[in-house]
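Peer 1: Dropping a prediction and its sequence here:
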Amino acid sequence: MTRDASRSERGESGRILIASDHAGFALKEVLGAELRRAGFAVDDLGPATDESTDYADFAHPLARAVSAGDAERGVLLCGTGLGMSYAANRWPGVRAAVAWSPQVATLARQHNDANVLVLPARFVSEEQGRAILRAWLDTPFEGGRHARRVAKIERDPEPEA
């Protein structure tokens, strides 16, 4: 997983946010520990148990922090990943990508500069979750033509004539 030197070379801090709903709670605990072992300072935004919760209550605070620049990256988990991604992507500057494989996580970083990783906890094992997280953390944004495309995400769409 990403070493401190790699993060500092890319201008990243060692702080990462993580949150889930009840369906993602167990995998959140596993991935939070994985991040700590890798040297990240992890801010766990909840929940504290696996009791039923609403995903938006946890997605919005994490996405708000990323949008405001208070955190560079975050990890969200729910059953399918979809609810968390819908809520997170409503915030300016947030590019929350649902990744179900390391390849998807890699492309989300390379081509879309995804700053929030969303995992579908009911559809990936702990081992798969770790591999997806590692791929996302270790992959830099390629920039170039992708930077132009990512910049268009924040613009209001213009009607074509």
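Peer 2: Okay, I see it.
Peer 1: low-scoring stretches of this structure, by residue?
Peer 2: For the chain, applying pLDDT under 70 flags the ranges 1-13, 156-157, 159-161.
Peer 1: At which residues are the strands of it located?
Peer 2: Taking DSSP state E as the test, the strands found in the chain are 15-20, 41-44, 74-78, 96-98, 116-120.
Peer 1: in its sheet, what does the longest one sit against?
Peer 2: Sheet pairing of strand 15-20 (DSSP bridges) gives strand 41-44 (parallel), strand 74-78 (parallel).
Peer 1: among these, which is the most enclosed?
Peer 2: strand 74-78 (a mean of 29; mean count of other Cβ atoms under 10 Å). Yep, even glycine has a C-beta here, placed from its N, CA and C like the rest.
Peer 1: hang on, the earlier thing: dump the strands paired with strand 15-20 to CSV, plus distance to L137.
Peer 2: Output for the strands paired with strand 15-20, formatted as CSV (distance: least, Cβ to Cβ, whole Å):
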stretch, distance to L137
strand 41-44, 12
strand 74-78, 9
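Peer 1: how about the ones you listed, which one is nearest F58?
Peer 2: F58 lies closest to strand 74-78 among the strands paired with strand 15-20, at 7.3 Å (Cβ to Cβ).
Peer 1: so how many other residues sit close to the nearest residue to P120 once chain neighbours are set aside?
Peer 2: Spatially, and ignoring its direct neighbours in sequence, P120 is nearest to G81 (3.8 Å; Cβ to Cβ, 6 or more residues apart in numbering). Applying other Cβ atoms under 10 Å, we find 26 residues neighbouring G81.
Peer 1: separation between G81 and F40?
Peer 2: 21 Å (Cβ to Cβ, to the nearest Å).
Peer 1: Name all residues that make contact with the residue nearest to P120.
Peer 2: Going by Cβ atoms under 8 Å, 6 or more residues apart in numbering, G81 touches 98-100, 118-121.
Peer 1: ranges for the helices of this structure?
Peer 2: 4-9, 25-37, 56-68, 82-88, 102-112, 126-138, 145-153 (DSSP state H).
Peer 1: List the buried residues of stretch 53-66.
Peer 2: Neighbour counts over stretch 53-66 (16 or more other Cβ atoms under 10 Å) mark 53, 55-56, 58-60, 62-63, 65-66 as buried.
Peer 1: In JSON lines, list the residues you listed along with distance to Q128.
Peer 2: Shown next, in JSON lines, are those (distance: Cβ to Cβ, whole Å):
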{"residue": "T53", "distance to Q128": "23"}
{"residue": "Y55", "distance to Q128": "20"}
{"residue": "A56", "distance to Q128": "25"}
{"residue": "F58", "distance to Q128": "22"}
{"residue": "A59", "distance to Q128": "21"}
{"residue": "H60", "distance to Q128": "27"}
{"residue": "L62", "distance to Q128": "22"}
{"residue": "A63", "distance to Q128": "24"}
{"residue": "A65", "distance to Q128": "26"}
{"residue": "V66", "distance to Q128": "24"}
